[in-house]
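J.: pasting the sequence and the predicted model now:
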Amino acid sequence: MKSEGARMGYAEIAEVVGAPTTPFTPEKGALSTLFRWFADDDRLCVIAADPTMKPAVCDVGFSHALGHLGDRNLIVVFPAEGAEAVVKRLPFPLGRSAPERAIWRWGKSPGSEKSNRAWCCS
């Protein structure tokens, strides 16, 4: 187990948020190297490589993710401001009929002052 202040690897973050841990390789096109990509047949997970990433850069990851999403559900792990920006730009209504979505933000997990874990903000 890692110590309280230790950084998790990207696959560990994906696992914590319930996302796939298999690296994603698209059939065509390139992926932004500003993000880490994981997928399975049902889900695509995009993680900001920098926990201090600006919202405008998070928008790049979000738009790239939509281009590679297909029929998968989307999981993103972005810094707080980027996660909040994505929530405002979701291309579908939030409610009972909405597709499954998960938006996580980098930051302190509830009850911890030093953790760099992701936690849900929506």
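T.: Arrived safely. Numbers count the residues shown, from 1 in each chain.
J.: what does the host helix or strand of residue 15 rub up against?
T.: Secondary structure from DSSP states H and E places residue 15 in helix 10-16. Residues from elsewhere that reach helix 10-16 (CB atoms under 8 Å, 6 or more residues apart in numbering): 8, 20-21, 36, 38, 45, 47, 49, 75, 77, 117-118. The C-beta positions use only the backbone N, C-alpha and C, and glycine is treated the same way.
J.: could these be laid out in JSON lines, adding neighbour count?
T.: Below are the contacts of helix 10-16 laid out as JSON lines (neighbours: other CB atoms under 10 Å):
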{"residue": "8", "neighbour count": "15"}
{"residue": "20", "neighbour count": "20"}
{"residue": "21", "neighbour count": "15"}
{"residue": "36", "neighbour count": "21"}
{"residue": "38", "neighbour count": "22"}
{"residue": "45", "neighbour count": "31"}
{"residue": "47", "neighbour count": "23"}
{"residue": "49", "neighbour count": "13"}
{"residue": "75", "neighbour count": "23"}
{"residue": "77", "neighbour count": "29"}
{"residue": "117", "neighbour count": "17"}
{"residue": "118", "neighbour count": "26"}
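J.: for these, give me JSON lines that also has secondary structure, distance to residue 88 and pLDDT.
T.: Shown next, in JSON lines, are the contacts of helix 10-16 (DSSP: H, G, I helix; E, B strand; the rest coil; distance: CB to CB, whole Å; pLDDT from 0 to 100):
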{"residue": "8", "secondary structure": "coil", "distance to residue 88": "27", "pLDDT": "80"}
{"residue": "20", "secondary structure": "coil", "distance to residue 88": "26", "pLDDT": "95"}
{"residue": "21", "secondary structure": "coil", "distance to residue 88": "28", "pLDDT": "96"}
{"residue": "36", "secondary structure": "strand", "distance to residue 88": "23", "pLDDT": "95"}
{"residue": "38", "secondary structure": "strand", "distance to residue 88": "24", "pLDDT": "97"}
{"residue": "45", "secondary structure": "strand", "distance to residue 88": "20", "pLDDT": "92"}
{"residue": "47", "secondary structure": "strand", "distance to residue 88": "20", "pLDDT": "93"}
{"residue": "49", "secondary structure": "coil", "distance to residue 88": "22", "pLDDT": "91"}
{"residue": "75", "secondary structure": "strand", "distance to residue 88": "18", "pLDDT": "87"}
{"residue": "77", "secondary structure": "strand", "distance to residue 88": "17", "pLDDT": "88"}
{"residue": "117", "secondary structure": "coil", "distance to residue 88": "24", "pLDDT": "36"}
{"residue": "118", "secondary structure": "strand", "distance to residue 88": "19", "pLDDT": "36"}
